[in-house]
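>>> How does the following fold in three dimensions:
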Amino acid sequence: MNRIKPAVEAVTARIVERSRPTRERYLALIREQRERGISRATMSCGNFAHGFAAAEEDKPAIRGVRSTNIGIVTAYNDMLSAHAPYGRYPEQMKLFAREVGATAQVAGGVPAMCDGVTQGQAGMELSLFSRDTIALSTAIALSHGMFEAAALLGICDKIVPGLLIGALRFGHLPTILVPGGPMPTGLANKEKVRVRQLYAEGKATREELLEAESASYHSPGTCTFYGTANSNQMMMEVMGLHMPGAAFVNPGTKLRQELTRAAVHRLSQIGWNGNDYRPLGLCVDEKAIVNAAVGLLATGGSTNHAIHLPAIARAAGIVIDWEDLDALSAAVPLIARIYPNGSGDVNHFQAAGGIGFVIRTLLDEGLLHDDIMTVAGETLADHAREPALDGGKLVWRDPPQETLDPTMLRAANDPFQPDGGMRLVHGNLGRATFKTSAVDSSRWTVEAPARIFSDQNEVLAAFKAGELDRDVVVVVRFQGPRANGMPELHKLTPSLGVLQDRGYRVALVTDGRMSGASGKVPAAIHLTPEALGGGPLAKLRDGDIIRLSAETGELSALVDDLDAREPAAMPRAQLGTGRELFAMMRNGADGAEQGASAMLHAMEEAA
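Residues are numbered from 1 along each chain as shown. Take a look at the predicted model:
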């Protein structure tokens, strides 16, 4: 067993103690569900017959309750590059299951929303709440009680957190997440950003911009930058919920198929009627959640997980907050530079040593908990391996002893910087997240007059009019979960980047979100309490001096009368694009630091 560093152990102990009552209730729930919940063996004949009526050649095995039946929950659609590869997975997985005497059925589908398609559009206001919709859909799929294990097919932003949240409420089921892999490298990310900024300045045409974008996002597979989707995959690896090294193997390859086969075979072994029962609810414990945070921070992952990770933890009865993330960030070194925090993408990261190298070096330095229950090994150390083919058969081998590209990946005792990529900033405006890993340290502190907006399109109009050509803190408020669903404001990045490149001190402060690809402009995001409901952000005025500093952890308005001011009124909520259907989720959402979820808030109230 590795010797864990005191700072990581202290955060873990805090989380364990804080979570004790809710975790105990959760563990009691999954024990009860395993012992007395619905299952094939206890169903009435009518219920059961419905469940295998269409199973064709698998009907005798499912009816006989002789072996593991795997419930597949899939996020397949062929409009989104990341999820298109899943189209034929179910039929393949049924064949793989039969190879080991098991069966598999598609339990249900979940929506898979792409922030890349909806970025800056009305549909982005549905994005965060699609996570909870996915969780609910996952619960519906697994509620039929036909399964002794589950395979979750999903990869992108809200999809993996949603699948995991839903599956954790069926935590008595052994579960493996099955990724699809990233698309091959396309147009260099720096070139894509260059064309975006030229377009923002009116120096490139729409056709030139579209050509650059389509050369970057060009084939089936996940986008190759290190945003929320690929951060998801990193977290699942360090939590031990993938087959080892499955995250960043490209779609359509023999190795990718063999990893999927291995996942199905493994589920037959760890299912509740197998010889090595490993329920999801025991795999996802306090140590696994800390591992997810450490992996995220060590690799400069997406800020979106400052919201998703608390939500995932809540589904397992675990309570974490941004102070935990901040304390871990101070103790965890940054060992990867993947775009937007570097020039290379996840394919280059994989070639440099990838997940196996990351897990091994973090274990060696006592930064990851080794003693967790994983889906495929005795400890997490068994996941510090990389998959390969030997004579057409899947094998695992040790990762390289040293990084193969020190510009992309380094050992934990020789990091790019001594602390992680995410910090808590707070003051009289509330609490927010600042992703430092992609921002030059000379820009970690900005003090400048505020310019207040309530819509990102207003920011773009002001930019085009030349009104922001100065030192400025752009404040975009009424973007929180209760206001409009907390959309990402990644659309602002090119324009703010242009201002910064012109030599101005620029920052963004918002109660909205930014993408995992938010880039080089300093930003205090997910500000809580949000403006709606009287949060301090609603009391700011144009010209107020704002101080944002990742160095001191400060986010303050340098004014004396903030508390005495009347809050600004929120603009009228917009209708259309289905936004009105999500009013109940907005109205009931809790704060960003708790996961911004009406569903989880109501669940805990019911408990």
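
>>> Let me see the ranges of the helices in the stretch 251-400 of the chain.
254-270, 280-283, 286-298, 305-315, 322-331, 346-352, 354-364 (DSSP state H, counting those that start in this stretch).

>>> Just give the number of residues close to the spatially closest residue to Gly392 that is not a sequence neighbour.
By the measure of Cβ to Cβ, 6 or more residues apart in numbering, the closest residue to Gly392 outside its immediate chain neighbours is Lys254, 7.2 Å from it. C-beta: built from backbone N, CA, C; applies to glycine. Residues lying near Lys254 (other Cβ atoms under 10 Å) number 11.

>>> Secondary structure element holding the residue nearest to Pro184 when sequence neighbours are not counted?
Leaving aside its chain neighbours, Pro184 sits nearest to Asn250 (5.9 Å; criterion: Cβ to Cβ, 6+ apart). Assigned by DSSP states H and E, Asn250 belongs to neither a helix nor a strand.

>>> hang on, Asn250 packs against Gly181?
Yes. With contact defined as Cβ atoms under 8 Å, Asn250 reaches Gly181; the gap is 5.0 Å.

>>> Give me the more crowded residue out of those two.
Counted by other Cβ under 10 Å, Asn250 and Gly181 do not tie: Gly181 has more neighbours, with 26 against 21.

>>> Check which helices and strands the longest strand seen in the chain sits against.
For the chain, the strand that runs over the most residues, judged by DSSP state E, is strand 445-453. Taking 3 or more Cβ pairs under 8 Å, 6 or more residues apart in numbering; DSSP states H and E as the contact definition, the neighbouring helices and strands of strand 445-453 are helix 456-464, strand 472-476, strand 506-510, strand 545-549.

>>> next one: the second one to chain centre, how far?
So the one you mean is strand 472-476. A distance of 26 Å separates the C-alpha centroid of strand 472-476 from that of its chain, computed with Cα atoms, centre = their mean, to the nearest Å.

>>> Quick check: next helix or strand after that strand?
On the C-terminal side of strand 472-476, the nearest following helix or strand under DSSP H and E is helix 481-484.

>>> and after that following helix, which helix or strand comes next?
Where DSSP H and E defines the elements, the next helix or strand beyond helix 481-484 is helix 493-501.

>>> which helices and strands does that next one pack with?
Contact analysis of helix 493-501 by 3+ Cβ pairs under 8 Å, 6+ apart lists helix 189-200, helix 456-464, strand 506-510 as its packing neighbours.

>>> what lines up beside the last one in the sheet?
Same thing as strand 506-510. Using DSSP bridges, strand 506-510 pairs in its sheet with strand 472-476 (parallel), strand 523-528 (parallel).

>>> low-scoring stretches of this structure, by residue?
Scanning the chain with the threshold set as pLDDT under 70 gives 1, 515-519.

>>> tell me the strands in it, going along the chain?
Read by DSSP E, the chain holds these strands, from start to end of the chain: 69-74, 103-109, 149-153, 175-177, 386-390, 393-397, 422-427, 430-435, 445-453, 472-476, 506-510, 523-528, 545-549, 554-557.

>>> How many neighbouring residues does Pro399 have?
By the measure other Cβ under 10 Å, the count of residues near Pro399 is 21.

>>> show me the residues around it that make contact.
By Cβ atoms under 8 Å, 6 or more residues apart in numbering, the contact list for Pro399 reads 353-354, 356-357, 360, 384-386.

>>> Format those as JSON lines; extra columns: distance to Ala538.
What follows is these, written out as JSON lines (distance: Cβ to Cβ, whole Å):
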{"residue": "Gly353", "distance to Ala538": "47"}
{"residue": "Gly354", "distance to Ala538": "45"}
{"residue": "Gly356", "distance to Ala538": "48"}
{"residue": "Phe357", "distance to Ala538": "46"}
{"residue": "Arg360", "distance to Ala538": "48"}
{"residue": "Ala384", "distance to Ala538": "48"}
{"residue": "Arg385", "distance to Ala538": "51"}
{"residue": "Glu386", "distance to Ala538": "50"}
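
>>> Quick check: the two most widely separated of the residues you listed?
Gly353 and Arg385 (11.8 Å; Cβ to Cβ).

>>> The two: who's more crowded?
Residue environment comparison for Gly353 versus Arg385 gives the larger neighbour count to Gly353, 24 against 20, counting by other Cβ under 10 Å.

>>> And that one, its phi and psi?
The main-chain torsion angles of Gly353 are listed as degrees, to the nearest 10 and equal phi 140, psi -30.

>>> How about Ile545: what's its closest non-neighbour residue?
Here the residue nearest Ile545, using Cβ to Cβ, 6+ apart, is Leu558, at 4.3 Å.

>>> one step back: determine which stretch of the helices and strands packed on strand 445-453 is the most buried.
Scoring these by mean neighbour count under mean count of other Cβ atoms under 10 Å gives strand 506-510 as the most buried, with a mean of 27.

>>> List of residues touching it?
Residues outside strand 506-510 that contact it (Cβ under 8 Å, 6+ apart) are 429, 432, 446, 448, 450, 468, 471-477, 479, 489, 492, 496, 499-500, 514, 521-525, 527, 537, 546, 548, 555.

>>> same thing with stretch 540-554?
Under the criterion Cβ under 8 Å, 6+ apart, external residues in contact with stretch 540-554 comprise 326, 423-427, 429, 434, 436, 439, 444-452, 473, 475, 477, 507, 509, 522, 524, 555-559, 562, 565.

>>> so Ile525 makes contact with Gly430?
No. Counting by Cβ under 8 Å, Ile525 stays clear of Gly430, with 11.6 Å between them.

>>> coming back round to it: of the contacts of Pro399, keep whichever come out buried.
When neighbours are counted using 16 or more other Cβ atoms under 10 Å, the contacts of Pro399 contain these buried positions: 353-354, 356-357, 360, 384-386.

>>> and which of the residues you listed is nearest Thr224?
Sorting the buried ones among the contacts of Pro399 by distance to Thr224 puts Gly354 at the head of the list, at 13.5 Å, by Cβ to Cβ.

>>> mind listing what that closest one touches?
Residues touching Gly354, when contacts are defined by Cβ under 8 Å, 6+ apart, comprise 245, 247-248, 386, 399, 409.

>>> Let me know the closest of those to Thr374.
Gly245 (12.7 Å).

>>> so how far is Asp58 from the closest one?
30 Å (Cβ to Cβ, to the nearest Å).

>>> Mind checking which of these two has more residues around it?
Applying other Cβ under 10 Å to Gly245 and Asp58 shows that Gly245 carries more neighbours, namely 24 against 18.

>>> My guess is the more buried one contacts Pro387. True?
Yes. At 4.6 Å, Gly245 counts as touching Pro387 under the criterion of Cβ under 8 Å.
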